[in-house]
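> I would like the atomic coordinates for the input below:
(chains A and B)
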Amino acid sequence: MAIPFREVLNSGKFVITGEVGPPKGTNLEKMIHHIDLLKERVDALNVTDNQSSVMRFPSLGTCLLIKEHGGEPVFQMTCRDRNRLALQADLLFAYARGIRNVLCLTGDSITVGDHKEAKAVFDLDSVQLLHTVHTLESGWDIAGNELDGAVEFCVGACVTPDADPIEPQLIKFEKKVQAGIQFCQTQAIYDLDNFRKFMEYARKLDKNTKILAGIVLLVGARMARFMNESVPGIYVPEELIDELASAPKGKGLEKGIEIAGRLIRQIKEQAICDGVHIMAIGREELVPEILAAAGL
Amino acid sequence: MIVAERKPLEEIKEMIAGYKRILIVGCGTCVTICWAGGEKEVGILSSQLRLAFGKDGNELLTSEVTIERQCEREMVEELRDKVQEVEAILSLGCGAGVQTIAEVFEETPVYPALNTKFVGMPEREGVWVETCRACGDCLLGETGGICPVVRCAKGLLNGPCGGTKRGKCEVDPEKDCAWTLIYRRLEKQGRLDLMRKYYPPRNFQAVTRPGKVEALQA
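Numbering: from 1, shown residues only, chains lettered A, B, ... in the order given. Next comes the predicted model:
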């Protein structure tokens, strides 16, 4: 049996979480392989919720699968595809079936995904969803009706330390902390100097929220440049791009693993934050190698 | 103002195929200002349609008229004589205009020549942007006069998502991030405390659709 994530967060150890991305379809073989490979190596496994607005096997169903396989799931929940009734109903269901961790997100825009003509919901935003979880915990729904059986979750949120401009993002982070979160995962970080600045701010604001630095595996210089150009909130410093570009042909991925491992090691050794959240985005089988490169 | 855009000629032609006599009605208010359905646009569409029908060997007789407001029954009533001479009406009004005409002249088919887009304002010459969602629960007083419900692509009330890049929106890099604009405006006014405030979920009952407003003195 996995140790409850809340206990891990409170233990003071360096926290490591991973992620699985559900498939488009009902063939779960590859994802189950990833779950079995990672469940013992990480403290919890996030499950993305129709990631990048692409319709997939559901986050909730995958969380149950992780439970069945003895892992500790983090139920990612976005506000894009469900209104307040559906969000609350899914929270009740998740709790009743033993899911104890929920990560509250706004969700990507519909237009970046594969159902561009769909109606985006956003009935709630991420801060309102956090308040909703806590209202359900108090034994009431958000319309003021009493529940027959409440929920209890270890609640997380997200922050983008490289957002541009940063100030509005920090105000939103403040609101999430005030709403009550046990942990906060960051968008991918590569620039540790900037991340240190964010951590200084975050610690000053609140000492109890555990911050997990987002680690996204870079598979080559091209991917790094693409992220700088096109992915909001991600900044890969030039010297990292040069380092990736300097790798011999066909060795870009190895370099990426080395960089990810080094970042994790630096974060841990310098105690910059409380842990890392590793997003290998479809290359989950490489997470053990990243951990090995980090000396973990 | 209500902003609309004309439908493609092909689509309009398709809608009125089979008719020989139609009345094309423009509107002198919002859609005149946004260059979609005023007197000038009525004239252009009318000759384009006659030409297109002629090319196919069909005849189309059009009469043209532009009234001040298609959304007022009394003004639409004035069209009665003209309507009696045609088989169908093509309206260059907004959706409210089309429906008023359809209600006044129940026996005559009415077709929309425009797609009604939004409530907005001109950004520069020939460009209009959406600025009001008509949500019925206005909070502009707390957001520096910039509406997050409509100008944030996700309609977020509690600050930006993680998709801001250089102050632009992840959905369209041409568009400003509404929350960056709100932050800057409130900062200028020394009112950033408003951005730190928690805004609860919106009340979608503020307007039960279809919306209805009764003036107090009525």
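
> what's the first-to-last distance across stretch A:276-291?
11 Å (Cα to Cα, to the nearest Å).

> how far is it from where the chain is centred?
13 Å (Cα atoms, centre = their mean, to the nearest Å).

> that one near chain B anywhere?
No - Stretch A:276-291 stays clear of chain B (Cβ under 8 Å from any Cβ of the partner chain), getting no nearer than 13.6 Å. C-beta: built from backbone N, CA, C; applies to glycine.

> what's that stretch in contact with?
Residues outside stretch A:276-291 that contact it (Cβ atoms under 8 Å, 6 or more residues apart in numbering or on different chains) are A:14-21, A:33-34, A:37-38, A:41-42, A:46, A:185-186, A:188, A:212-217, A:219, A:253, A:257, A:260-261, A:264, A:267-268.

> please tell me how far whatever residue of chain B ends up closest to chain A sits from residue A:15.
For chain B, the residue closest to chain A is residue B:159, as judged by Cβ to the nearest Cβ, at 3.4 Å. Distance, residue B:159 to residue A:15, by Cβ to Cβ, to the nearest Å: 26 Å.

> looking at those two, which one has more neighbours?
Per other Cβ atoms under 10 Å in any protein chain shown, whichever of residue B:159 and residue A:15 has more neighbours is residue B:159, with 26 against 21.

> where's the closest residue to that one other than its chain neighbours, which helix or strand?
The spatially closest residue to residue B:159, leaving aside those adjacent along the chain, is residue A:172, at 3.4 Å (Cβ to Cβ, 6 or more residues apart in numbering or on different chains). Here residue A:172, judged by DSSP states H and E, is contained in helix A:167-179.

> the one residue in the stretch 1-150 of chain A that gets nearest to chain B: neighbouring residues, count only.
Residue of the stretch 1-150 of chain A nearest chain B, by Cβ to the nearest Cβ: residue A:127 (3.9 Å). Residue A:127: 24 surrounding residues under other Cβ under 10 Å.

> for chain B, what's the longest helix?
helix B:39-55 (DSSP state H).

> go ahead and confirm residue A:74 touches residue A:43.
No - assessed by Cβ atoms under 8 Å, residue A:74 is found out of contact with residue A:43, at 9.7 Å.

> which one's more surrounded, these two?
Higher neighbour count among residue A:74 and residue A:43: residue A:74, with 27 against 23, using other Cβ under 10 Å.

> so that one belongs to a strand, correct?
Yes - counting by DSSP: H, G, I helix; E, B strand; the rest coil, residue A:74 is part of a strand.

> next one: residue A:50 from residue A:164, what distance?
For residue A:50, the distance to residue A:164 - Cβ to Cβ - is 26 Å.

> ok, now residue B:209?
38 Å.

> which one of these two has more residues nearby?
residue A:164 (16 against 8).

> so what's the more buried one up against?
A:233, B:164, B:165, B:166, B:167 are the contacts of residue A:164 under Cβ under 8 Å, 6+ apart.

> just the helices in the stretch 1-150 of chain A please.
A:5-11, A:29-38, A:59-68, A:84-96, A:126-137 (DSSP state H, counting those that start in this stretch).

> on the three-state scheme, residue B:116 is what?
Per three-state DSSP, residue B:116 ends up strand.

> equivalent analysis for residue A:242, please.
helix.

> so where's chain B uncertain?
Residue ranges of chain B with pLDDT under 70: B:218.

> for chain A, what are the nearby residues on it?
Checking chain B against chain A by Cβ under 8 Å from any Cβ, the hits are B:153-167, B:170-171, B:177, B:179-180, B:182-183, B:187, B:192, B:195-196, B:198-202, B:204.

> before we move on, back to that, buried ones in the longest helix of chain B?
The neighbour-count check on helix B:39-55 (16 or more other Cβ atoms under 10 Å in any protein chain shown) flags B:41, B:42, B:45, B:46, B:49, B:53 as buried.

> what's in contact with stretch A:2-15?
Residues contacting stretch A:2-15 (Cβ under 8 Å, 6+ apart): A:39, A:43-44, A:70-72, A:74, A:100-101, A:154, A:182-183, A:210, A:212, A:268, A:274-276.
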